[in-house]
Each structure stands twice: as structure tokens, then as C-alpha cells.
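**Q** Provided below are the primary sequence and the corresponding predicted coordinates.
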Amino acid sequence: MNFSKSRIPQVAVFTQLTLKGHFDSFRGIIQYVKLHGPWRLYHMEGRPGEQRLLDLKRWGCTGIITGACNIKDATLISQAGVPVVVLEPSPPMLENSHPLAKYTCTRFDSHACGQLAAEYFLNRQYKHFAFVGDPYNLYWSREREQAFRKIVEQAGGVYHAYKGPTRAEKTDWAVEQPRMQKWLKSLFKPTALFVAMDGRGRQVLDACMGAGITVPDDIAVLGVDNDDIICETTFPTMSSVQTNGQLTGYWIAEHLNRLMQGDRLKKRIYSSTPTHIITRCSTEATAIKDHQIARALEFIWKEAGHGAIHVPDVVRKFGSSRRFAEIHFKSVMGHTILEEIQRVRLERVCSLLSDTNLPIGEISQECGFERESYLAKLFRKCFGASMSHYRAEARNHTWSGLDIST
């Protein structure tokens, strides 16, 4: 079917926006439309009383963006005769027999998410770890747990998983809450707890409060999606994994636009990945019992990624000689104060490279590097690539953790 470039595309969007990942993707789609549109969009998410769009041909539909759906709707979409892209299809939708399996789609890398969470807590020197999954044990929850557990057990950590809710508990949080409180009380303190999604994390924090468990000193809690409405309204505020879902939405809209213009494109899977962790009060602690080291680390984590701090600034937190502070820090952490400062700074650099379009010079200043040339040399030494190359590749792939000892 040929589509005139002068004709304004009419795109039907069939996806719910209740999940933060879907909402971020939709924001990316809107961003693309604002820059390269206009498009005529009709968004339908299945709300009660919502007016449906059933006769796509009569409406003049030229493209469809759909999320997960039942087999009946999937068949109708595939028979519409227009280009289609799919947001986060479920595993059955990827099977060759499914009507939507042939279309370009997005997929969130939940294994990378679990790995990032594990490394985040390991850097804080935790030895005991726990996981609370989605109440319905959905595939992305299982994938996050598998990767999280693998990394922490490889590092010698002690792992505990919360048993999923019973049928009665699934339908009523008030029924499940007492059992979760009992389980949380049974955990070794301190424990680093990873939660499959922010909404579940809010329940965990609620259960901790009801059980008299101090967060983050007894249990540190980390969620996924960085949903501000949830993370900023929990007590304490909740740390969460940030993803590049908005960028993925932009890519999928660009792909659909090319299809509507008549380009013959092969099926692609656009990977949505975790980029970094937004630290809030629920993880602002370390499992290190040495108060001097813990105080120094908290200072580094708070300041190093946002300004110019130096080793003497950290040494002052020890109230001792620089030689003692340096030797003591390395004996506990296994690396130097300077290496820890550089690690935190480079994490911030990577976040800004992947999540913003800031010039590299501005990123250098923002992260406390006095000379861009020094940052460029250090970055290449740690990652084996230039910052420009990293920025390009980070939008398609997940990079491995940096090696601060190089």
C-alpha cells in the first residue's frame, strides 16, 4: 500500500498508560510527533466508558501502535492492512504463530535491570539480599529476579526470595500484608531488598512501617521505573531504577513513520534498558559497620557526581591523618578514595550521556572534572571507548560496569 508523504498520518494507539514504562514510551512517541509531525493520534486504553475506535478503515487509519492484547484484537489489528508496531509484547506474542509476531516491537531488558540493582547494592557492601516480585509473577518480574539472584550469589551474597501471594492475597493487600510483615521481620539486618516494580515497592515500605522496621538502616528498598508519583510520596522516599523508555518510544515512532511513508523495513526489536539508579532516602545507607567509612561513602555518593570534591574533602570526614584515612579506606573497600570518587563521577557521566543531549564539555563541568581532556582520557581508559561512541551505543545496548581499578 502506498502512502502519500503529503497526507497527515492517522495513527491509532492501543495501549494502557497505567504502567510507568508504557507511559514513558508514549511520551517518546509524542516527542517524535512534535518534532516530525503532525500526526492525528487516537489513543484508546480500554478505560470504562471509553469511546472505542472500531472501524479503522472508515476513520482513515494509516498506522497502529499497540501494546499487549488478546488474540481477537491482535487478529483484527493484523488484518487492518496498515503498518503496525508493538510496545512490549508478552512472550506468547513473540511466538511465530501469533498474529503480531511479525511486527517490529520494543522489549525491556529486565535481566540488565536485575544486574544493575545487584551491582548497586554490592557497591554498598551488603552481604544479605532479598527480592519481592510482582504479585502475579509476570515474566519481567521473573527475569529481574533471575539476574539479581545470579549476580549476588556469584558475589557470595546470602539471598532470600519472598513467596508470592496466595489467591486470596492477590486480590486484597490487607490480607497479604501481615505475612509480608512477618517475612520482613525474619530477614537478617541489614538487608538490601530489590522490588520488581515501584508499586510493589510502595507496599514493601508500607509493610516495613507497620512492622516497625527502619528503612534504610534495617532494610534498604529499591524499585523499578522511577515513577515520581510513587517514589516521591512513599515514606521514606523510594530509590528506583531509571529506564530509557522515552527514547525507545521515539525510535518506535520513527520506525512507524518510515513504514507509513512506504519504506520497506525489516522487523526490528528496539531494546529498552535501565540507565542508572535514582537514589532517594530508601537506600541512603551502607551495610558497612565502620562508621568512618560509612560516613565517607555517604559523602562521596552525595557530592562526587555533582561537583568538584577531592580526597582531602573526604579525609576530613575521618578526623584523622590522610595516610590513616587512605590506608583504612582501602583495607575496607578494596580500592582507594580517589577510585571511589571517580567511580561515582563516571556513573553520573554515563547517565548524562545516555539520558541527555548536553554537550560533553557541560557534562564534564557538571560532574566535577576541571578539564574535559582529563575526563576523555579517564573515560576511554575505563570503558575502552570515547564518550561520543558511548553515547551512540548506549541508546541501543547496555554497557557493562566500569572497572575503577584500571
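**A** Noted; the coordinates are in hand. Numbering: from 1, shown residues only.

**Q** quick one: average pLDDT of stretch 172-187?
**A** The average pLDDT for stretch 172-187 rounds to 97.

**Q** What lies in contact with it?
**A** 128, 130, 132, 135, 160, 162-163, 165-166, 168-170, 193, 203-204, 206-208, 210-211, 213, 219 (C-beta atoms under 8 Å, 6 or more residues apart in numbering). (Each C-beta comes from the backbone N, C-alpha and C, glycine too.)

**Q** Please list only the buried members of those residues.
**A** 128, 130, 132, 135, 160, 162, 165, 169, 193, 203-204, 206-208, 211, 213, 219 (16 or more other C-beta atoms under 10 Å).

**Q** circling back to that earlier point, could you list which of the contacts of stretch 172-187 belong to strands?
**A** 128, 130, 132, 160, 193, 219 (DSSP state E).

**Q** Spatially, which two of these are the most separated?
**A** Within the ones in strands among the contacts of stretch 172-187, 128 and 132 form the most distant pair, 14.3 Å apart (C-beta to C-beta).

**Q** one step back: which members of the contacts of stretch 172-187 occur in helices, if any?
**A** 168, 169, 170, 203, 204, 206, 207, 208, 210, 211 (DSSP state H).

**Q** Setting aside sequence neighbours, what's the nearest residue to the first one?
**A** Which is residue 168. residue 175 (5.4 Å; C-beta to C-beta, 6 or more residues apart in numbering).

**Q** Spell out the secondary structure type for that neighbour.
**A** helix (DSSP: H, G, I helix; E, B strand; the rest coil).

**Q** Neighbours of it, how many?
**A** The tally of other residues near residue 175 (other C-beta atoms under 10 Å) stands at 13.

**Q** which stretches of the stretch 51-200 of the chain form helices?
**A** 56-59, 71-78, 110-122, 139-154, 167-170, 173-186, 198-211 (DSSP state H, counting those that start in this stretch).

**Q** what's the most buried one of the ones you listed?
**A** helix 110-122 (a mean of 23; mean count of other C-beta atoms under 10 Å).

**Q** can you give me the offset of that one from its chain's centre?
**A** Distance, stretch centre to chain centre, for helix 110-122: 10 Å (C-alpha atoms, centre = their mean, to the nearest Å).

**Q** Repeat that for stretch 325-344.
**A** With C-alpha atoms, centre = their mean, you get 28 Å for stretch 325-344.

**Q** now do stretch 33-53
**A** 26 Å.

**Q** what does it contact?
**A** Applying C-beta under 8 Å, 6+ apart, the contact partners of stretch 33-53 are 8-18, 26, 59, 253-254, 257.

**Q** dump the residue contacts of residue 156.
**A** Here residue 156 is in contact with residue 127 (criterion: C-beta under 8 Å, 6+ apart).
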